[in-house]
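Asker: Make a model of this:
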Amino acid sequence: MPLNAIVEWDSAFRVNPNGTVDTGVESAAANSLRTIAENTGADEFDDVPEAVTGHSGQHGYSGPIMHPSEQLGGGMASDVLDSPGTYMLTEAQDFDDPDNLVGWVLLRREG
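Answerer: Below you'll find the predicted structure:
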């Protein structure tokens, strides 16, 4: 089953050293990612070390915000499965305009 079909928005998941995935993870790392997700606006994710970068297909952009049409699949999913840690998918919110769909971000913490 593809990784994007297993994980849920704003719910931590863990990638184990053997590449298996545990969903609904509750841990200190998960709580830390949840705090980041709830308190970081779209214009601030470039400065968040937990934000995964380098996977966007947007021309000339390698930052952490993925376009709404992009998915957690392909090379990004492969890299995630090869990098054990705790992850969370979250919306990149524009706190000044909550109706503005900016995109999404993948957050990662070791542990």
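Asker: Can you list the low-confidence ranges for the protein?
Answerer: 111 (pLDDT under 70).
Asker: and Asp79, which of the three is it?
Answerer: Three-state assignment for Asp79 (DSSP: H, G, I helix; E, B strand; the rest coil): helix.
Asker: what ranges do the strands span in this structure?
Answerer: 13-15, 21-23, 85-93, 101-109 (DSSP state E).
Asker: Show me where the protein has its helices.
Answerer: 3-6, 28-39, 74-81 (DSSP state H).
Asker: So what angle separates the directions of the last one and strand 85-93?
Answerer: I take that to be helix 74-81. Helix 74-81 and strand 85-93 are oriented at 140 degrees to each other (axes from the mean of the first three to the mean of the last three Cα atoms, to 10 degrees).
Asker: again with the longest one
Answerer: With the same axes, to 10 degrees defining the directions, helix 28-39 sits at 10 degrees from strand 85-93.
Asker: I figured Ile36 was touching Val48, is that so?
Answerer: Yes - Ile36 is in contact with Val48 according to Cβ atoms under 8 Å; the separation is 6.2 Å. Backbone N, C-alpha and C define where each C-beta goes, glycine included.
Asker: returning to that earlier point: out of the helices of the chain, which is closest to Val21?
Answerer: When these are compared by Cβ to Cβ, helix 3-6 sits nearest Val21, at 5.7 Å.
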